[in-house]
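Peer 1: Here is a sequence together with a model predicted from it:
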Amino acid sequence: MLPTVSDVLAMPAVRQGGPRVVAGASGLDRRVRWVHSAEVSDIARLLRGGDLVLTTGIALPSDDTGLTRYVADLVTADASGLIVELGRRWTEQLPAAMVEACDQAGLPLIAWAREVRFAQVTEAVGELVVDAQLTELRAVEQVHRTFTSLSVAGAEPAEILAEIRRISGLAVVLESTRHHILAFDATGDDVTELLANWEERSRAVTPSERTAYDDAAGWLVTVVGARGDDWGRLILISPEPPPHRLVVLAERGASTLALQRLAARDRESLERQTHRTLLTALAAGGPPAQETLTRSAAAGVPLAGRLLIGLVAMPVGDGLLNAPILATQERLRDLAEITASTLRPAGVAALVGVVDDEAVLVLLSLPTTTALPGAVDHLAELIHRAAKAAPRPMSVLVAAGTPVSHVPSAQRTLNEARHVASAALRTSSGANVICHRLENVRLRGLIQLLRDDDRLAAFAERELAPLISHDEQHGTALVDVLRAYVEHGGRKSRAAESVHLSRPAFYERLARIEQILGVDLSDPESVTSLHVALLASSTSR
């Protein structure tokens, strides 16, 4: 890493002059790329950024306006600092105009009280800069060697993230393009704080380049993908702008993750690859090409004249449906094979594949005489049992779409199954449901289906905006109080207990909510509207 102005001032060759920081102390952490000595007033046009300028001042302007312009030119050229040797032009102190201009710009201005050999300083700092650059190059080379080895060894995402964490010392997160966390490594960090409101925070970070640092978030972000197929982002949590070696580390790590995904796909069975291609085509919507129907039938899954039902199988944490685990590609491949090997001996024709980073997608093709929903529930139960009995046991959530009898409607049942699964993840009310359907997730499921509708978002904002604004301005949590009230069906005592408030305090907050929103919380329609708005708000995050 390049030395800072403070590092340079601590060097013996510089200390010989008795350096004194006169202005711009806030910029002492600026990096020094090189040192230039010059006795001309237009030196700025020759600088490249990060240069430390040495001068006696003998050729600098004599008027305040000229000195201010000289400092402004240095700032525009991104100079790291200015060192002036006293004795030739100015004997005891530097001009007030120069001092004020440097202070306002945060440009370090240092005065040498004694004569200094500029060439000696240039040489000493140059050696330090070159050493730093060589160290950086060695670190970059080590990064390349490390990740080449990981690629050759076929390392899994967890291993790749662990290596990024080890080298950088920073927490690292791999997320999908939908801003859902796929994996992370944050050893020693507060994981709860790191992952809190992740999706909302991540959506706010939209760099214009494939690799960029976001100052506001403190995130180094790089896109993960290969062959034009971007499927995620790799994020290093870096409170300060990262050095070049960390940028290289992030990009090399992203490349290794992309190669790992490609290799993982290559390791899939030919059947899974074929099914994934067909499912992707059917989920795209519109009348399917004849080739799709022919290939599906050739794969043993006829679609014409059949009952088609979209199914989703998703790994989840034990005990809580609203606690999804990190669905790595390896785990999803396992679940896809478990699902396929469960349906096959049951005599069920189905397309089974991993088409994203969260779940296994299934399209059941059943005879029109099949007794529903019992047959689908039976298949879901078989998948649950097989997943529990697998070499690497897992709990799964199974969701089904509404049956359709026309191939062009396959998109609808597949998407409905996905939306139902997403809605089921957000509630624990159906923890014992074998196969989730719209009727199980009820209102939450309907809102999940409509989550991309701008009118729903506008409704939620219109209902809740005054309360959200009040919370932000006053540091209150009235939205949480309202959510507790509606989720407990208006039972105030239970709602107060859930947010750890006394009943008088809870009642007082409800009264304040009524005042802010201009509603009557004893009115069923008002409560229903607010409940829908809260559900819509949480679904859109």
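Peer 2: Arrived safely, thanks for sending. The structure presented is a predicted model; accordingly, all values stated were derived computationally and were not measured. Numbering: from 1, shown residues only.
Peer 1: what distance separates stretch 204-219 from the centre of its chain?
Peer 2: Averaging C-alpha positions (C-alpha atoms, centre = their mean, to the nearest Å) puts stretch 204-219 10 Å from its chain's average.
Peer 1: Nearest residue to the middle of the chain?
Peer 2: Geometric centre of the chain, nearest residue: Ser202, 4.4 Å, by C-alpha atoms, centre = their mean.
Peer 1: Could I get the contacting residues of the nearest residue to that residue once chain neighbours are set aside?
Peer 2: Spatial nearest neighbour of Ser202, chain neighbours left out: His179 (4.1 Å); criterion: C-beta to C-beta, 6 or more residues apart in numbering. For the C-beta atoms, the positions are set from N, CA and C on the backbone; glycine is no exception. By C-beta atoms under 8 Å, 6 or more residues apart in numbering, the residues touching His179 are 198-199, 202-203.
Peer 1: just checking, the residue nearest to the centre of the chain touches Glu175?
Peer 2: Yes - using C-beta atoms under 8 Å, Ser202 is in contact with Glu175, at 6.2 Å.
Peer 1: Return every residue with contacts to both of the two.
Peer 2: With C-beta under 8 Å, 6+ apart as the test, Ser202 and Glu175 both reach 233, 235.
Peer 1: measure stretch 494-502 end to end?
Peer 2: Stretch 494-502 has its terminal residues 10 Å apart, counting by C-alpha to C-alpha, to the nearest Å.
Peer 1: thinking again about what came up before, reformat the contacts of His179 into TSV and put distance to Leu361, pLDDT and secondary structure next to each item.
Peer 2: Shown next, in TSV, are the contacts of His179 (distance: C-beta to C-beta, whole Å; pLDDT from 0 to 100; DSSP: H, G, I helix; E, B strand; the rest coil):
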residue	distance to Leu361	pLDDT	secondary structure
Trp198	24	87	helix
Glu199	21	84	helix
Ser202	24	92	helix
Arg203	24	91	helix
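Peer 1: which of the residues you listed are buried?
Peer 2: Burial by neighbour count, 16 or more other C-beta atoms under 10 Å: within the contacts of His179 this picks out 198, 202.
Peer 1: what does the helix or strand Leu82 falls within rub up against?
Peer 2: In this structure, Leu82 sits in strand 81-85 according to DSSP states H and E. Residues outside strand 81-85 that contact it (C-beta under 8 Å, 6+ apart): 5, 8, 14, 17, 19, 24, 27-28, 30, 32, 52-57, 71, 74, 90, 94, 102, 107-112, 115-116.
Peer 1: Next SSE downstream of that strand?
Peer 2: Remark: after strand 81-85, the chain's next helix or strand is helix 96-105, criterion DSSP H and E.
Peer 1: buried residues in the helix or strand just after that next one?
Peer 2: Toward the C-terminus, helix 96-105 is succeeded by strand 109-112 as the next helix or strand (DSSP H and E). Going by neighbour count (16+ other C-beta under 10 Å), the buried part of strand 109-112 is 109-112.
Peer 1: ditto for stretch 335-353
Peer 2: 335-340, 342-343, 348-353.
Peer 1: Also stretch 479-489?
Peer 2: 479, 481-488.
Peer 1: same check, this time on stretch 230-238
Peer 2: Neighbour counts over stretch 230-238 (16+ other C-beta under 10 Å) mark 231-238 as buried.
Peer 1: next one: stretch 508-525
Peer 2: Of the residues in stretch 508-525, 509-510, 513-514, 516-517, 519, 521 count as buried by neighbour count, 16+ other C-beta under 10 Å.
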